[in-house]
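Starting from these lines, generate the structure:
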Amino acid sequence: MIAMVAILLILNRQFAGVLEEMIFWLLSIPLIVYMVRYDIQSGLIVAISCILSSILFSTFTGMVLLISAMVSGVCYGIGLKKGWKNAYLLILAIVSQLLVSALTVIVFGHIFGYDIIAEVMDLTKMVEQAGIASGARTLAMLVVLIVYIGSAFMQGIVIHVASHVILARLRIQVAPLKPITQVRIPKQVGMLATVGLVIYAISQFVSVPAAYEDAILVLYLVCMMIAITIGVIECISYGVKKRSRAIVLGALIACFIPVIQNIMMCLGIYVSFGGHIEKIIEK
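Numbering: from 1, shown residues only. Below is the predicted model of the structure:
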């Protein structure tokens, strides 16, 4: 694995750093497999060796991303080796990728002059020029959040699922993944998201200091994404139970349709308080 990482680091320099954003986060997967197959100490040795290789062969940005991938892999590997529940492992994978995404925005922003607020403002102007004056800032914030938070979520899920699949193929005993019909976001998370949505709704009717407007908008977008995710999972579970590919596909497409998003969000809130889609359909 160390030789593979060294080759990737050299190729990344030859391609002017193109590979680091696309591939480096995947390097935590072979580290996880190695750590579970052998032991934690061997995994730590491999991780430290890869980090030392990045100091020798990588650019600064590549070194930061590789260190982040190694730390994420070590934490996930320790959890898998200790027998943590899959829900905790998935949360760990997603949170680690969210922290890496935030780290790249903050650290690289200070070093290379990247300003995410300026990017949102530029995107807002582009949306307004496209003829969407109402809610342009909200749409721009949603796009930026989907790019950063959505990609971090997907990366965490890929790391979680790929690690289990590879370990299962190697006939290494790990806790099996739950089918989609049994996957549920904790109701407490959905309730907290509902509270965030209520706070945003109240802020539309009362005066809010300008310093808190952006924070409330970000809170609203995050809570909306959580509620939509809960609603989509409920629809997918229902589609799997009914063996309907149309329902599953429709639930996935609904994430990208603005009006249907609100329906999914309301469904997510309903499910968070103990409801089920079957009750709605039966009525």
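
Packing partners of the longest helix that the chain contains?
Ranked by residue count, the top helix of the chain under DSSP state H comes out as helix 210-241. For helix 210-241, the packing partners by 3 or more C-beta pairs under 8 Å, 6 or more residues apart in numbering; DSSP states H and E come out as helix 136-145, helix 187-203, helix 245-254, helix 258-272, helix 277-282. All C-beta atoms are positioned from the backbone trio N, CA, C, and that covers glycine.

Pipe those into TSV and attach distance to V18 and mean pLDDT per row.
Formatted as TSV, the helices and strands packed on helix 210-241 follow (distance: least, C-beta to C-beta, whole Å; pLDDT from 0 to 100):
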stretch	distance to V18	mean pLDDT
helix 136-145	22	65
helix 187-203	36	88
helix 245-254	29	80
helix 258-272	33	84
helix 277-282	43	76
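
could I get those helices as JSON lines with mean neighbour count and distance to L56?
Converted to JSON lines, these look like this (neighbours: other C-beta atoms under 10 Å; distance: least, C-beta to C-beta, whole Å):
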{"stretch": "helix 136-145", "mean neighbour count": "18", "distance to L56": "35"}
{"stretch": "helix 187-203", "mean neighbour count": "16", "distance to L56": "43"}
{"stretch": "helix 245-254", "mean neighbour count": "15", "distance to L56": "43"}
{"stretch": "helix 258-272", "mean neighbour count": "18", "distance to L56": "47"}
{"stretch": "helix 277-282", "mean neighbour count": "11", "distance to L56": "55"}
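
right, and those - which one's nearest H160?
helix 187-203 (17.4 Å; C-beta to C-beta).

What segments of the stretch 1-150 of the chain are helices?
Under the criterion DSSP state H, counting those that start in this stretch, the stretch 1-150 of the chain contains helices at 2-14, 18-23, 28-37, 40-57, 60-81, 86-112, 116-129, 136-145.

Quick check: buried residues in the longest one?
So that's helix 86-112. Buried residues in helix 86-112, counted by 16 or more other C-beta atoms under 10 Å: 86, 89-90, 92-94, 96-98, 100-101, 104-105.
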